[in-house]
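In: Turn this into a model:
(one chain, ligands or ions: 1)
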Amino acid sequence: MSPDWEEISHVTKVDPAESLPEDLSVLEGTDLVIVGGSDGVTRQNSLNALERIRAHHPDVPLFQEPYSSSHVSEETIGAADFLSVPAVYNGDRENFVAKHVDFFTEVGSKPEEILGSGLPLVGDLIASRGRDAIQSISEKILAEGYVVQNLDSKAAAVSGVETTFTTEQVAGAALATESFYGFPIFYVEYSGTYGGPEDVAAAATYLDDTVLLYGGGIESREQTEEILDAGADAVVVGDCFHEDPERYRRTIP
Ligand code: 1GP
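Out: Next up, the predicted model:
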């Protein structure tokens, strides 16, 4: 299961560790909101952001994008429509395999084994509702094949990214996402800087069933259009939303 991507071309990434604009009507016109960040994120601030956005915009699809199971609780899972979880191709092993196996180990373990684990609230949920709860958590999780292309970003630091991919490697990662890993989303991440359309165009060549997202440095409608024209299904706008709501509004097509 996934949201209706045909309807989504503009995504806003809200950092729960940063303050939100006073007036959340600025989000009108965005098609999807993702709550996630790379610094100072907690279960509580994630939940606060999810609940505040839901209260103002009950109909906009809402994701939580945790990079650690410490951001996730029964409440955040309940508040979000989906959990989008990055698997970083050019990151360290922890961020492509280990963290995910650990997470699903916790989710899938017998309740008595996971109560008191790093995911106590998920443990309670499973203890109270059994296998159905495991099933419903799993169905809410969407894997994102991720390439982090800005080495100076916090996203690179927390994912163990030490080298960026060439355009050919980005294309290869996209092809692997579609034909080998089967992740529903491929994400070209330039967090904090505008990367231009090249990687997106290369990735788009190989993606039919996989959704292609681009994020990084988008501050204008022209940039949004350049990325969409290159073949992305949607742009993701982050910093600009927190820093300059008026400029952010102009990134919406
Ligand atoms: C960050 O891709 C998003 O994860 C958006 O990037 O903050 O640079 O807009 P910016």
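
In: Test for you: state the pLDDT assigned to the closest residue to residue 60 other than its chain neighbours.
Out: In space, and not counting its chain neighbours, residue 60 is closest to residue 33: 5.6 Å by CB to CB, 6 or more residues apart in numbering. Bear in mind the C-beta positions are built from the backbone N, C-alpha and C, glycine included. Residue 33 is assigned 98 on the pLDDT scale.

In: OK, contacts around residue 33?
Out: By CB atoms under 8 Å, 6 or more residues apart in numbering, the contact set of residue 33 is 11, 12, 13, 14, 27, 53, 57, 60, 61, 62, 63.

In: which neighbours does the helix or strand where the first one lies have in its sheet, and in what orientation?
Out: For residue 11, the enclosing helix or strand under DSSP states H and E is strand 10-14. For strand 10-14, sheet partners with direction are given as strand 32-35 (parallel), strand 234-237 (parallel), following DSSP bridges.

In: Next to the ligand, which bits of the stretch 1-150 of the chain? Give me the list.
Out: Selection of the stretch 1-150 of the chain residues close to the ligand by CB under 6 Å from any ligand atom yields residue 13.

In: Show me where this structure has its helices.
Out: Applying DSSP state H to the chain gives helices spanning 43-56, 74-79, 93, 99-108, 111-114, 120-129, 131-139, 154-159, 167-176, 198-204, 221-229, 239-243, 245-249.

In: how about those in CSV, adding mean pLDDT?
Out: Converted to CSV, these look like this (pLDDT from 0 to 100):
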stretch, mean pLDDT
helix 43-56, 97
helix 74-79, 89
helix 93, 97
helix 99-108, 85
helix 111-114, 38
helix 120-129, 58
helix 131-139, 76
helix 154-159, 96
helix 167-176, 98
helix 198-204, 98
helix 221-229, 98
helix 239-243, 96
helix 245-249, 96
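
In: Could you give the residue of this structure that lies closest to the ligand?
Out: The chain approaches the ligand most closely through residue 215 (2.0 Å), counting by CB to the nearest ligand atom.

In: Just list whatever residues bridge to that residue.
Out: For residue 215, the beta-bridge partners under DSSP bridges are residue 189, residue 236.

In: Kindly give the local confidence score, pLDDT, for it.
Out: On the pLDDT scale, residue 215 gets 98.

In: Please verify my assumption that it contacts residue 186.
Out: No - look at residue 215 against residue 186 with CB atoms under 8 Å: they stay out of range, at 11.9 Å.

In: For those two, indicate the residue with more neighbours.
Out: Taking other CB atoms under 10 Å, residue 215 and residue 186 do not tie; residue 186 has more neighbours (30 against 25).

In: And for residue 136, the neighbour number?
Out: Using other CB under 10 Å, residue 136 has 12 neighbouring residues.

In: I misspoke; the intended subject was residue 212.
Out: 23.

In: Same check on residue 205?
Out: Per other CB under 10 Å, the neighbour tally for residue 205 reads 10.

In: For it, give its distance to residue 26.
Out: Separation of residue 205 from residue 26 (CB to CB, to the nearest Å): 35 Å.

In: picking that back up, now, of the strands paired with strand 10-14, which is deepest in the fold?
Out: Highest mean neighbour count among those (mean count of other CB atoms under 10 Å): strand 32-35, with a mean of 25.

In: related to what we said a few turns ago, would you format the strands paired with strand 10-14 as CSV with distance to residue 106 included?
Out: What follows is the strands paired with strand 10-14, written out as CSV (distance: least, CB to CB, whole Å):
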stretch, distance to residue 106
strand 32-35, 21
strand 234-237, 28
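
In: All set, thanks.
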